[in-house]
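# just to be clear, the model below is a prediction. Sequence and coordinates:
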Amino acid sequence: MSHQIHIYTDGAAKGNPGPGGYGVVMEQVGTGYKREFYEGFRKTTNNRMELLAVIVGLEKLKSPGMSVLVVSDSKYVIDSITKGWVFGWEKKGYAGKKNPDLWKRFLKIYRQHKVDFKWVKGHNNHPQNERCDQLAVMASQQPVLNVDTYYEADGDKLL
């Protein structure tokens, strides 16, 4: 499949849980157009940031039905989607699963596009992955960090 957009993502958390952030590099294929996004949170997990990066990248797309390649170094995110686990979790109401708030948000935006996923090894000199890592770490180190409201409310234990 020929993709219109490539979205590269990474998440980071120091302490896991601890301060964390995500980084996204979005490139429009064949045009040279590129945008970067990042955000930091005062208490979160690496997996939440990995998933949130994918969500934010997809949410930044301006039109539905776009053909997208998401590139991530997160086995948690890539395997959950490509192996179909998240669809089973959805059918079971996410019972006993972490991050249901983000998985619900992901599925809502995911279903609006034609999305393929590619896993890359982290910290392996992949230029866009390295840049996403820099953005995620930088975001997690900002002097003022956002609140991951669901996580800080201990949302995973509420189910």
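Looks like it came in fine.

# counting neighbours, what do you get for Lys92?
Counted by other C-beta atoms under 10 Å, the residues lying close to Lys92 total 9. Any C-beta I mention is one placed from the backbone N, CA and C, and that applies to glycine too.

# name the residues that touch the lowest-mean-pLDDT helix or strand in the chain?
Ranking every helix and strand in the chain by mean pLDDT, DSSP states H and E puts helix 149-152 at the bottom, with a mean of 90. Contacts of helix 149-152 with the rest of the structure, by C-beta atoms under 8 Å, 6 or more residues apart in numbering, involve Pro17, Phe41, Arg42, Lys43, Thr44, Thr45, Arg48, Asp101, Leu102.

# give the buried residues for stretch 11-30.
Of the residues in stretch 11-30, 11-13, 17, 19-27 count as buried by neighbour count, 16 or more other C-beta atoms under 10 Å.

# which pair in these spans the largest distance?
Farthest apart among those by C-beta to C-beta are Pro17 and Glu27. That separation is 31.1 Å.

# which residues in the chain form helices?
With DSSP state H as the criterion, the chain has helices at 46-59, 75-82, 85-91, 100-110, 127-140, 149-152.

# highest average neighbour count across these?
Mean neighbour count (mean count of other C-beta atoms under 10 Å) peaks for helix 46-59 among the helices of the chain, with a mean of 24.

# that one to helix 127-140, inter-axis angle?
Inter-element angle recorded for helix 46-59 and helix 127-140: 110 degrees (by axes from the mean of the first three to the mean of the last three C-alpha atoms, to 10 degrees).
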